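*Asks:* sequence and predicted model, in that order:
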Amino acid sequence: MKINKLLSGLVLSASLFSTASVLAESSSLQKITYGEAQEMNLSKISQKTFLSNIDLDLAEKDAVEWASTQNASHYSVYTVERSPKRDRYRVSIVVYSN
């Protein structure tokens, strides 16, 4: 019984650590609107579209994870397609640099 509790505690700790590292990775990025990017005179680095067959949040999560690898300081995410009947959720992300 003690071993099961210990193992479940370790699994929980590992999953929390994994979540924290993903959040820490993306915390250096700041979410902004297109208008804010214009006001701040940021340079567009790249743009990419992401598709999920599960939900919109998953598509956005994948997009932000990708953005964290682009040496960007800011990003904007836009919903391109939301179709629950077809199980299609598409977002577009634009990443900017100072």
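*Replies:* Sure, I can see it. Numbering: from 1, shown residues only.

*Asks:* how much space separates the closest residue to residue 88 other than its chain neighbours from residue 92?
*Replies:* Spatially, and ignoring its direct neighbours in sequence, residue 88 is nearest to residue 81 (5.7 Å; C-beta to C-beta, 6 or more residues apart in numbering). C-beta here means a position set from N, CA and C on the backbone, and glycine is covered the same way. Going from residue 81 to residue 92 by C-beta to C-beta, to the nearest Å gives 10 Å.

*Asks:* do the same with residue 60
*Replies:* 10 Å.

*Asks:* and if you look at residue 72?
*Replies:* Relative to residue 92, residue 72 is positioned 15 Å away (C-beta to C-beta).

*Asks:* quick one: residues contacting the nearest residue to residue 33 once chain neighbours are set aside.
*Replies:* Closest residue in space to residue 33, ignoring its immediate chain neighbours: residue 76 at 6.0 Å, by C-beta to C-beta, 6+ apart. Counting by C-beta atoms under 8 Å, 6 or more residues apart in numbering, residue 76 touches 31, 32, 33, 34, 37, 93, 94, 96.
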